[in-house]
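# generate coordinates for the sequence data below:
(one chain, ligands or ions: 1)
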Amino acid sequence: MKKVLSLVILSIFTLLPLNAATFQGGVAEQGSGNASRIIDKQTGEGVGGADIRLPKQNYSTRTDSSGFFELDTQINGPSIMSVQKENYKPFTMTINDKTFDAPIVVGIEKSNASDLALDANMYHLGDDSYSDLSANAGEFRMQAIGPFYTKRFTLRNLNLSKPIYLVIGSIIGIDTAMARSMGQNKIPNAFASPPEVYFNGNKISEIQLNGDGQKIKLPSNLIKKNQVNEITIKTGRNLMQTAYVDYDDIEFMNLIIEN
Ligand SMILES: [Ca+2]
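Residues are numbered from 1 along each chain as shown. Now for the predicted structure:
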């Protein structure tokens, strides 16, 4: 019971920057034995043959025919775990060394025709220079692609009468003052400006906290229907370092457009 509670607290914590309704998967209940499980969120049945990946650990495994899996790898510090299965929304969640102290059950959702999976890969923004106390300290270094990420895509078949969102599956490593005050990192004397999100050249959001399933509304006046649109995510910089530019090293995975 204690484990369930701590997972619930973890979920609430990682979900703080958004409302609960935006969580697409979710830790539903405790698993049994040593095996964790992936289930269909609607039917509650196990999802067999789902790919589980931990890019930072360079580790992957697959669920058995009943949806059960075990992670045979060491997790130090926050890491992103992805779950992928055909016909389901790509799902990610932030895990740490405590997450699998007891088996967990994660519900994944069938994909909708109106959702656009923009990018299921993991990216590291920054300059590969960061403190061991940062929210990003981990054992496997994924090379930084630089201070920003850009993706171009065409938006078709949109229902413009409904809101359209960019969903960031998971994001870790943000060292803002707010992330520090929430206990997401342990750096005593430094903090960074927040990552910024641009849509078609306009800044539409700042991301203050690490977490899963963060939803950003795309302003309808900026949406180009049936044309090329562009999303850019730019990492922040260490505000206590003035001698040179020290970009905040962050990692994110799984971008989806939801309509
Ligand atoms: Ca850095």
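
# could you pull out the helices in the stretch 101-250 of the chain for me?
For the stretch 101-250 of the chain, the helices defined by DSSP state H, counting those that start in this stretch occupy 177-181.

# where in it is pLDDT low?
135-141 (pLDDT under 70).

# part of a strand, is residue 37?
Yes: under DSSP: H, G, I helix; E, B strand; the rest coil, residue 37 falls within a strand.

# contact partners for it?
31, 46, 63, 66-69, 103-106 (Cβ atoms under 8 Å, 6 or more residues apart in numbering). Quick note: C-beta positions are derived from backbone N, CA and C, even for glycine.

# run the last query once more with 6 Å
Going by Cβ atoms under 6 Å, 6 or more residues apart in numbering, residue 37 touches 31, 46, 67-68, 105.

# what about the residue lying farthest from the centre of the chain, distance to residue 217?
Note on the chain: the largest C-alpha distance from the chain mean falls to residue 243, namely 31.7 Å (Cα atoms, centre = their mean). Per Cβ to Cβ, to the nearest Å, residue 243 is found 38 Å from residue 217.

# ok, so what distance separates residue 85 from residue 41?
For residue 85, the distance to residue 41 - Cβ to Cβ - is 12 Å.

# ok, these two, which is more surrounded?
Legend: neighbour count by other Cβ atoms under 10 Å for residue 85 and residue 41, higher for residue 85 (22 against 19).

# is it correct that the more buried one is in contact with residue 53?
No: taking contacts as Cβ atoms under 6 Å, residue 85 lies outside contact range of residue 53: 11.7 Å.

# what sits up against stretch 229-249?
By Cβ under 6 Å, 6+ apart, stretch 229-249 touches 125-127, 130, 136, 147-153, 155, 173, 175, 190, 192-200, 250.

# what residues does the protein put near the ion?
126-127, 129-130, 246-247, 249 (Cβ under 5 Å from the ion).

# PyMOL command to pick out the buried ones of those?
Per 16 or more other Cβ atoms under 10 Å, the buried members of the residues of the chain next to the ion correspond to this PyMOL selection:
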select buried, resi 126+127+130+246+247+249
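
# distance to residue 116 for the residues of the chain next to the ion - can I get that in JSON lines?
Below are these laid out as JSON lines (distance: Cβ to Cβ, whole Å):
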{"residue": "126", "distance to residue 116": "27"}
{"residue": "127", "distance to residue 116": "31"}
{"residue": "129", "distance to residue 116": "34"}
{"residue": "130", "distance to residue 116": "32"}
{"residue": "246", "distance to residue 116": "34"}
{"residue": "247", "distance to residue 116": "28"}
{"residue": "249", "distance to residue 116": "28"}
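
# tell me, what residue is most central in the protein?
Nearest to the chain centroid, counting by Cα atoms, centre = their mean: residue 170, 0.5 Å.

# surely that one and residue 256 touch.
No: the pair residue 170 / residue 256 is not scored as a contact, 11.6 Å apart, by Cβ under 6 Å.

# can you pull out the strands in the stretch 101-250 of the chain?
Assigned by DSSP state E, counting those that start in this stretch, the strands in the stretch 101-250 of the chain fall at 104-108, 116-125, 148-154, 165-172, 196-199, 202-206, 211-217, 228-234, 250-258.

# mind checking how far residue 242 is from the ion?
Residue 242 is 14 Å from the ion, where distance means Cβ to the ion, to the nearest Å.
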